[in-house]
Each structure stands twice: as C-alpha cells, then as structure tokens.
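Asks: Structure, please.
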Amino acid sequence: MKILYVITSLRTGGAEKLVVQLSEYMKGRGHEVEVALFDGEETDFKKELEGEGVRICSFGVGGSVYSPKMLFGLKSLIKKGGYDIVHTHNSSPQIFAAVAKALIGGKKTKYIHTEHNTTGRRRTWYFRALDRWTYRKFANNICISDKAYDNLAAHLSSEKITLQTIKNGADISRLVAARPKPELREGAPKNVVVMVAAFRPQKDQDTLVRAMSLLGDDYCLWLVGGAERLEEVKSLAAGLGLGDKVRFFGVRTDVPEILKTADVVVMSSHYEGLSLSSIEGMAVGKPFIASDVDGLREIVSGAGILFPEGDEKALASEIEKVCTDDEYARKVADSCMARAREYDFEKMALAYENVYKEVLK
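Replies: Reported below is the predicted structural model:
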C-alpha cells in the first residue's frame, strides 16, 4: 500500500506521536509511507522520521493551518501521489482532505480520519452541517477511546458514517526497559513529581503547579514539554514563589528515562481523547495520578488514582499519600503497570493496518 499521513505539524503531542509510530511501523511492514505537514517546523519527531527514510512534504512553516494554500497543496499532492490511503489527524487536515476528495473525485484512494479528542469546537450547532459533511467523506473514522466514540456518535446522531474505536497504544517494552538517570536528581528533594504534556489549553499544568505550593520543601515538580502556554505556566510558578521547586525541562527525547527517575507521575488535564503520555506514565512502575475527566477516567479508573478536575488540594493530598505510604504506592504502581499492558502499540498498529486493507477491498 501507498499511505499518506496528514497532520498539522510534528511538534510534541499524542496525535503527532501516533503518526510517527504508524509511519515507522507501516514502513517496516513494507508499505510506502509519506507524511504531509501543514507546518513543517523542524522538530525531533520530524528528524526521527527523516532519519527512518520517510518522505515528508511540508506546505509551509508557521502561519495558519487553515490557510487556503494548505488545501491547494494537499489537493495537488493527493492528485499526483497515487495513494491508496490518505489518513488525516487534527481538524484542519480532516476538513481540507474532505474538500480535496470532493474536488478530485475518483474511488481508488480511500480516506481515513482519526478522532483524537472527546470534544471539539466544530461540534457547536453552527458548524454541525459542515462537520457531518466532512465525516461522510471518510471511509472510516477511528476514535482513540470508547468515550471519544460515544461523544462523536452522539454528535453525528443518525448520520450514516462509519465509526470505529482503536485505542491508542504505547511501546510498553521500551518503557519497561528504560533506566533512571540519577544525575537528574542531583540537588533535588526527596520526592519528585513529573508531568509530561504539551503546554496547550486542554492540559492543566496550572492545577499541578498550585498543588506544589501546598506541599513542603521535600517535594519538587518536573514539567516536560513545550507549546503556547509554557510562559503562562512559568509565570504562575514564579507568582507563587515556587522558584526551583518547579523545573521546566522543555521538549525531550528521553521521556521514558525521566519518568523512571521520578517518584510520582501526574496527568492534569481538562479533557483527553486517550492520552499516550498517560499510558506511558502508567507503564514505568510508578504511582500514576490523573484528573477525573473524559479520556483519562477510561484508562485510569480501577488502576491509578483520579482526582477532581482543577482541585489542587485533592491533588496535593494524593501526591503526599503515595509519597509517604510505600505499600500503597507500590500497590498503585503495580496496578498501573498491569493496565498499561492492555494498551500495547503492536496491537493498535495491526488494527490500523487491517482497517486499511478492509477499506481497499
């Protein structure tokens, strides 16, 4: 098969990581793989794919991902590319691929879309007609969690649109095999809390930072990631007088090792589709704490610890409990590890490959 993955960029994020994983997997299975980017900024993910020999086509660097030039660039690429599968991720690639399909016509190329969130701005009533038209253009719309499926199915109601769930998966073996980096803990207090997530509006690093202000000097926080809200969260930490108690790591390629080095892993968020970072956080043998919201509740409930969204006092209490009760912490960590093994990458990737084969029949 000749496969084209289309995504806004290859910055740090769950959708971006999935595209990297699938591209490498499908290439390893003998398929011809290309990736189209609306923003071709140089990133670690982009360099990784180029190093694997995956051809990347960028329609620009910076600027709006809803610019008409993205549509024209994508339409031209698909028309000339002779792809069997065009697989989109994120909102603007989905819309422009649907329009391109309508303009190009033909039945050879099959279009697949992955829905990464449980909600979206386009689900308001004045975008509903556009949304339904868009989803109808895809041979299959894949949701990354049961809750994402339920919410999208309710939004689309009686529309004759193909929906399916394929839950996100992580490279569990790599996470289990990762080794701590003792040098990272030099000068750090006894208890290290870590959160790995892009600083975007759906994430809630703010509540975790406020929780740290309620904990003693024997606690510190590592925040891994970048994006548009980074400076805002830095300002919050400074305003609370946290100083070195909160350390900003930026975007890293050694995330498994950082997770293994910390004592507690947290995912504070307002909503998720199905968080890859959370699966990774549950797979490293540490107690995992997450916001009780859609997309996290599904994977964490009954294994890790859930706290009310935005409640820094409850979060601080849970962090303190796992850091002072070794038996409880070990029980939570073991349960998290067992749950993470249910979300294995190989199973997920094979399911996507089967979808491609099915729609091409």
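Asks: Most remote residue from the middle of the chain, which is it?
Replies: Ranked by distance from the centre of the chain (CA atoms, centre = their mean), the top residue is residue 106, with 32.5 Å.
Asks: Help me confirm that that residue is found in a strand?
Replies: No: looking at residue 106 with DSSP: H, G, I helix; E, B strand; the rest coil, it is coil, so not inside a strand.
Asks: Roughly how far does it sit from residue 82?
Replies: Applying CB to CB, to the nearest Å, one obtains 11 Å for the distance of residue 106 from residue 82. In short, each C-beta sits where N, CA and C put it, glycine included.
Asks: How about residue 343?
Replies: From residue 343 over to residue 82 (counting by CB to CB), the distance is 34 Å.
Asks: need the strands for this protein, in chain order.
Replies: Taking DSSP state E to define them, one finds strands in the chain at 2-7, 32-37, 55-58, 85-89, 110-115, 140-143, 163-165, 191-196, 219-224, 246-250, 264-267, 288-291, 305-307.
Asks: With just CA atoms, put the worst-scoring helix or strand of the chain on mean pLDDT into PDB.
Replies: Between all helices and strands in the chain, the lowest mean by mean pLDDT, DSSP states H and E belongs to helix 128-136, at a mean of 84. This file holds the C-alpha atoms of helix 128-136, laid out as PDB (Å, rounded to 0.1, in the frame of the first residue of the first chain):
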ATOM      1  CA  ARG A 128     -22.700  20.800  12.700                       C
ATOM      2  CA  ALA A 129     -23.700  20.700   9.000                       C
ATOM      3  CA  LEU A 130     -20.000  21.100   7.900                       C
ATOM      4  CA  ASP A 131     -18.900  18.500  10.400                       C
ATOM      5  CA  ARG A 132     -21.400  15.900   9.200                       C
ATOM      6  CA  TRP A 133     -20.400  16.500   5.600                       C
ATOM      7  CA  THR A 134     -16.800  16.200   6.500                       C
ATOM      8  CA  TYR A 135     -17.100  12.900   8.300                       C
ATOM      9  CA  ARG A 136     -19.100  11.400   5.400                       C
END
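Asks: got the angle for it vs strand 110-115?
Replies: Helix 128-136 and strand 110-115 are oriented at 120 degrees to each other (axes from the mean of the first three to the mean of the last three CA atoms, to 10 degrees).
Asks: Around residue 47, how many other residues sit close by?
Replies: Here the count is done by other CB atoms under 10 Å, and residue 47 has 12 residues near it.
Asks: Mind pulling up the pLDDT for it?
Replies: Listed pLDDT for residue 47 reads 94.
Asks: quick one: contacts for it?
Replies: Applying CB atoms under 8 Å, 6 or more residues apart in numbering, one finds that residue 47 lies in contact with no residue.
Asks: That one and residue 85, how far apart?
Replies: Residue 47 sits at a distance of 24 Å from residue 85 (criterion: CB to CB).
Asks: How about residue 55?
Replies: Counting by CB to CB - residue 55 and residue 85 are separated by 15 Å.
Asks: neighbour-wise, which of the two wins?
Replies: residue 85 (24 against 13).
Asks: nearest residue to that one other than its sequence neighbours?
Replies: Leaving aside its chain neighbours, residue 85 sits nearest to residue 3 (4.6 Å; criterion: CB to CB, 6 or more residues apart in numbering).
Asks: Looking at residue 343 and residue 82, which is more packed in?
Replies: The residue with more neighbours, out of residue 343 and residue 82 and counting by other CB under 10 Å, is residue 343; that gives 21 against 11.
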